[in-house]
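> Build me a model:
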Amino acid sequence: VDFFKKNDNFGLGDDVSFFAQGMLPCMTDPDGKIILETSHNVAMAPDGNGGIYPSLVKSGMLANMKDRGIKYLHVFAIDNSLVKPADPAFVGYCISQ
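Here you go, the predicted structure:
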């Protein structure tokens, strides 16, 4: 967030927002035992790519976008190096369906 502030949101003005990703307890595989970070704290990890959906709701970001008239989102996994963000052909096709 500070990086964006220091760079004046890269010319995007106030149209930049951030929200926190959810966290889940770490567990062993395949036993499903909870992993402790310390003797009194459960180890936590980000909830993964699918966690964006509940995070959008919990943070109020989904309501914020709806209030601003945003109808569509192009959501993709950050580790998908082949995705073309906001690909007009893909987004247009999805909207038409």
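> Quick check: phi and psi at the residue nearest to residue 46 when sequence neighbours are not counted.
Of all residues beyond its chain neighbours, the one nearest residue 46 is residue 21 (5.0 Å), with distances taken as CB to CB, 6 or more residues apart in numbering. C-beta here means a position set from N, CA and C on the backbone, and glycine is covered the same way. For residue 21, the backbone dihedrals are phi -80, psi 150 (criterion: degrees, to the nearest 10).
> ok, now residue 9?
Here the main-chain torsion angles of residue 9 (degrees, to the nearest 10) amount to phi 50, psi 30.
> what separates the residue nearest to residue 25 when sequence neighbours are not counted from residue 33, distance-wise?
By the measure of CB to CB, 6+ apart, the closest residue to residue 25 outside its immediate chain neighbours is residue 42, 4.9 Å from it. Residue 42 is 11 Å from residue 33, where distance means CB to CB, to the nearest Å.
> higher neighbour count, those two?
Neighbour tally, residue 42 and residue 33, criterion other CB atoms under 10 Å: the higher count belongs to residue 42, 14 against 10.
> can you pull out the strands in this structure?
23-25, 36-38, 41-42, 44-46 (DSSP state E).
> closest to residue 60 out of those strands?
The closest of the strands of the chain to residue 60 is strand 23-25. By CB to CB, the value is 17.9 Å.
> Contacts for the closest one next, please.
Residues outside strand 23-25 that contact it (CB atoms under 8 Å, 6 or more residues apart in numbering) are 34-35, 42-47, 51.
> on that earlier part again, contact partners for the residue nearest to residue 25?
When the contact criterion is CB under 8 Å, 6+ apart, the partners of residue 42 are 25-26, 34-36.
> now with 10 Å?
Contact analysis of residue 42 by CB atoms under 10 Å, 6 or more residues apart in numbering lists 23-27, 34-36.
> quick one on the thing from earlier: dump the strands of the chain to CSV, plus distance to residue 88 and mean pLDDT.
As requested, the strands of the chain are exported to CSV (distance: least, CB to CB, whole Å; pLDDT from 0 to 100):
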stretch, distance to residue 88, mean pLDDT
strand 23-25, 35, 95
strand 36-38, 44, 97
strand 41-42, 44, 97
strand 44-46, 30, 95
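> Same list (these) but as a markdown table, adding distance to residue 59.
Written out in a markdown table, the entries for those read as follows (distance: least, CB to CB, whole Å):
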| stretch | distance to residue 59 |
| --- | --- |
| strand 23-25 | 13 |
| strand 36-38 | 24 |
| strand 41-42 | 22 |
| strand 44-46 | 14 |
